[in-house]
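**Student:** what's the 3D shape of this:
(chains A, B, C and D)
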There are 2 protein chains.
Amino acid sequence: MSTIDDVARRAGVSRATASRALTGAGSAAPATVTRVRDAARELGYRPNAVARSLRTTRTSTIGLIVSDVRNPFFAELVHGIEQAAEECGWSLMVGNADESTERQDGYVQTLLAHQVDGLIATPQGDGSGALSEALAAGVPTVFVDRRVAGLDVPVVASDGDAGVRAMVEHLAGLGHRRIGVIAGPQEASTGRDRLRAVRAALRRHGLATDDELVRFGDFQLDTGVRCAGELVELADPPDVIFAADNLMALGAFQELRRRGVRVGEDMGLAAFDDLDWFSLVDPPITAVAQDTRALGNEAVRLLREVREGGQPADVTLPVDLRVRRSCGEGRR
Amino acid sequence: MSTIDDVARRAGVSRATASRALTGAGSAAPATVTRVRDAARELGYRPNAVARSLRTTRTSTIGLIVSDVRNPFFAELVHGIEQAAEECGWSLMVGNADESTERQDGYVQTLLAHQVDGLIATPQGDGSGALSEALAAGVPTVFVDRRVAGLDVPVVASDGDAGVRAMVEHLAGLGHRRIGVIAGPQEASTGRDRLRAVRAALRRHGLATDDELVRFGDFQLDTGVRCAGELVELADPPDVIFAADNLMALGAFQELRRRGVRVGEDMGLAAFDDLDWFSLVDPPITAVAQDTRALGNEAVRLLREVREGGQPADVTLPVDLRVRRSCGEGRR
DNA sequence: CTGAAAGCGCTTACAG
DNA sequence: CTGAAAGCGCTTACAG
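**Tutor:** Numbering: from 1, shown residues only, chains lettered A, B, ... in the order given. Model (predicted):
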């Protein structure tokens, strides 16, 4: 590996001049610039980003902490953020919290040690851990999808309330009275918010709000299976199940199938978060769709603003109710 | 942000001693160690990984280049690699090649500039670009899922040939004679290998091998749509379509649905790569399943071996044919 | 067991 | 426009 000293020597200039010629910072004679560039090319010189970072205190790297890449919603989010970050010249260091606060905290520590220029997270927990340390340390941070009470961080999220409202209205309109809920973890703001929105909407429509109709999962597949089973076994089971994310909806679907419950006829099923294949299952699943790509773009945009000293306002993106046939409406 | 000098001062020792006490490298009196540790804790000292890396020439970071995170197969792979890497103390910098050689090359450059300790890639292209530069530069590298002709790099991959063989045998056993293929991109070894295996198996079973039955996609959803359309419109259409990955199978499924072709009755559909929800669509989709998590674990294991100077052999993992009902077999 | 010194590869005021 | 020098925050031989 050749260093900038090698390049300088070959071009017959000082290290300082070589640096200026290569980076374009500061002035350098046109002839010098070409000489240095040629030397660099001939040597296959590749600037050492680690050394540069130590000097400039910028790493051109941002940290991304995500709840679970295997969840297609987050995979799409990672993709969107990665694309947007690349356009800003940022590389991504990613950590998978797996919906665990401990793992999240571990990653935050690692990312801070690596001196990331900023942090984007779908945060876990109550903000007591490493995340608040990062903020205290002044690391530019943006949250996506979720928020944490007490942490004053710009948040990019979908308008979950509107989505839930539209969904409940839709279900009520179909004549459903008992709406079962597979709620997300109450440690996550999305888990809390979606449940609160469901309850509010149910009351508004004068629908059943029995506590036994609400089951708590963790946004992963297995708890969808369990909660669906519990709801089906109720003495007075729900007309329809609304799962607070796609993976729990998938689990619920599997469990209903396994028990011989005909989805859309014996019992409805609806989901928060849409997926490509929701329209392919039988019956196609009614869902609230988020604009995941836009979430990613906005997150990166806000992070850039924060880095430039701004205090951007939260961004709320619209959602889209995709009505299909899993809740019992007229099939043909 | 406090530095090791701050810690040293507070503990009343030299910078060198503070470093030894903190890292455990070299000797230090027990009493000194506790004094230094206390000082570090009190100051909230967090070692600067960038500075450490510059000195040690190790970054504890590995680069991962993946074809497309939105493809669930790769999302699962990222997850597996990330878990295994974390156990080795490695952080992950990820890049999404989006099935493009140019993007891959850009990421390789960035990752090398960041001095990653190693590289794991699902490689694109013919190995002419940045990937071979990385190898020439001596960066420990492992390929997963795919290989590149001419690049002597350990590869972890599934036994695709066996999977294809089992699939064709299954289809032939059901009485299908004309098997349509949505092949992957021929620039990818998986694209080539799966197609070659299909052709060999067809010949072995004395089945039709018309060129018009083979369409070429790029492993993404849209080309599955297009290829399925082309196959359906053939004067003599296939009995069944075998898509070389899950996203193209999904696209094909959508297109067959859209055209009113009843999957499993009018025409069969099979896929390479299984997905959770393949068992939920109607009819459930027959697929070759890979052990994605094991692929990730093995990749990290091999990378560690390479770093320690070893020349590990390629690893081939078994696959699993999951027979469901999308190819026309007895439904009930 | 401990400290002074060198150095990893860069960038950037500061003189000239 | 250019070069000598300092310094980013660490680790690590080398003496003592």
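
**Student:** by mean pLDDT, flag the weakest helix or strand of chain A.
**Tutor:** Using mean pLDDT, DSSP states H and E, the weakest-scoring helix or strand in chain A turns out to be helix A:130-136, at a mean of 89.

**Student:** following that one, which helix or strand comes up?
**Tutor:** strand A:141-144 (DSSP states H and E).

**Student:** what about the residue of chain A found nearest chain B, neighbour count?
**Tutor:** Of all residues in chain A, A:Asp282 sits closest to chain B, at 3.3 Å by Cβ to the nearest Cβ. C-beta here means a position set from N, CA and C on the backbone, and glycine is covered the same way. Neighbour count of A:Asp282, defined by other Cβ atoms under 10 Å in any protein chain shown: 17.

**Student:** so who does it touch?
**Tutor:** Contact partners of A:Asp282, counting by Cβ atoms under 8 Å, 6 or more residues apart in numbering or on different chains, are B:Val281, B:Asp282.

**Student:** so what pLDDT did it get?
**Tutor:** The predicted structure scores A:Asp282 at 82 on the pLDDT scale.

**Student:** could you measure from the residue nearest to A:Ser53 when sequence neighbours are not counted over to DNA strand D?
**Tutor:** On the basis of Cβ to Cβ, 6 or more residues apart in numbering or on different chains, the spatially nearest residue to A:Ser53 that is not a chain neighbour turns out to be A:Thr59, at 4.4 Å. A:Thr59 sits 12 Å away from DNA strand D, going by Cβ to the nearest atom of the strand, to the nearest Å.

**Student:** how much space between A:Thr59 and B:Val306?
**Tutor:** In this structure, A:Thr59 and B:Val306 are separated by 26 Å, where distance is defined by Cβ to Cβ, to the nearest Å.

**Student:** those two: which is more packed in?
**Tutor:** When neighbours are counted by other Cβ under 10 Å, A:Thr59 comes out ahead of the other of A:Thr59 and B:Val306, with 23 against 19.

**Student:** any chance you could map the strands in chain A?
**Tutor:** For chain A, the strands identified by DSSP state E occupy A:61-66, A:91-96, A:118-121, A:141-144, A:155-158, A:179-183, A:214-216, A:240-243, A:268-272, A:286-289, A:315-317, A:320-322, in order along the chain.

**Student:** let's have these in TSV, adding mean neighbour count and distance to B:Leu234.
**Tutor:** Formatted as TSV, the strands of chain A follow (neighbours: other Cβ atoms under 10 Å in any protein chain shown; distance: least, Cβ to Cβ, whole Å):
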stretch	mean neighbour count	distance to B:Leu234
strand A:61-66	26	43
strand A:91-96	23	44
strand A:118-121	26	48
strand A:141-144	26	46
strand A:155-158	23	43
strand A:179-183	27	45
strand A:214-216	19	49
strand A:240-243	29	41
strand A:268-272	27	37
strand A:286-289	25	35
strand A:315-317	16	43
strand A:320-322	16	33
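
**Student:** next, format the ones you listed as a markdown table and append distance to chain B and mean pLDDT.
**Tutor:** As requested, the strands of chain A are exported to a markdown table (distance: least, Cβ to the nearest Cβ, whole Å; pLDDT from 0 to 100):
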| stretch | distance to chain B | mean pLDDT |
| --- | --- | --- |
| strand A:61-66 | 7 | 95 |
| strand A:91-96 | 5 | 92 |
| strand A:118-121 | 14 | 96 |
| strand A:141-144 | 16 | 97 |
| strand A:155-158 | 18 | 97 |
| strand A:179-183 | 16 | 98 |
| strand A:214-216 | 20 | 98 |
| strand A:240-243 | 14 | 98 |
| strand A:268-272 | 11 | 98 |
| strand A:286-289 | 13 | 98 |
| strand A:315-317 | 19 | 98 |
| strand A:320-322 | 15 | 97 |
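
**Student:** now tabulate those strands in JSON lines and tack on distance to A:Ala228.
**Tutor:** Putting these into JSON lines (distance: least, Cβ to Cβ, whole Å) gives the following:
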{"stretch": "strand A:61-66", "distance to A:Ala228": "26"}
{"stretch": "strand A:91-96", "distance to A:Ala228": "26"}
{"stretch": "strand A:118-121", "distance to A:Ala228": "30"}
{"stretch": "strand A:141-144", "distance to A:Ala228": "28"}
{"stretch": "strand A:155-158", "distance to A:Ala228": "24"}
{"stretch": "strand A:179-183", "distance to A:Ala228": "7"}
{"stretch": "strand A:214-216", "distance to A:Ala228": "8"}
{"stretch": "strand A:240-243", "distance to A:Ala228": "6"}
{"stretch": "strand A:268-272", "distance to A:Ala228": "8"}
{"stretch": "strand A:286-289", "distance to A:Ala228": "16"}
{"stretch": "strand A:315-317", "distance to A:Ala228": "29"}
{"stretch": "strand A:320-322", "distance to A:Ala228": "21"}
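
**Student:** how about the residues of the stretch 1-150 of chain A near DNA strand D?
**Tutor:** If contact is defined as Cβ under 7 Å from any atom of the strand, the residues of the stretch 1-150 of chain A in contact with DNA strand D are A:13-17, A:20-21, A:26-32, A:51, A:54-55, A:57.

**Student:** switch to 10 Å and redo it
**Tutor:** A:8, A:11-21, A:26-33, A:35-36, A:50-57, A:113, A:115 (Cβ under 10 Å from any atom of the strand).

**Student:** can you pull the contacts of A:Val50?
**Tutor:** Applying Cβ under 8 Å, 6+ apart, we find A:Val50 in contact with B:Val50, B:Ser53, B:Leu54, B:Thr59, B:His114, B:Gln115.

**Student:** now, the residues you listed that are in helices?
**Tutor:** Using DSSP state H, the members of the contacts of A:Val50 that fall in helices are B:Val50, B:Ser53, B:Leu54.

**Student:** wait, what's in contact with the last one?
**Tutor:** Read it as B:Leu54. Taking Cβ under 8 Å, 6+ apart, we find B:Leu54 in contact with A:Asn48, A:Val50, A:Ala51, A:Leu54.

**Student:** and it, how far from B:Ala113?
**Tutor:** Between B:Leu54 and B:Ala113 the distance is 13 Å, computed by Cβ to Cβ.

**Student:** what do you get for A:Leu171?
**Tutor:** The span separating A:Leu171 from B:Ala113 equals 53 Å under the rule Cβ to Cβ.

**Student:** the more surrounded of those two?
**Tutor:** A:Leu171 (25 against 16).
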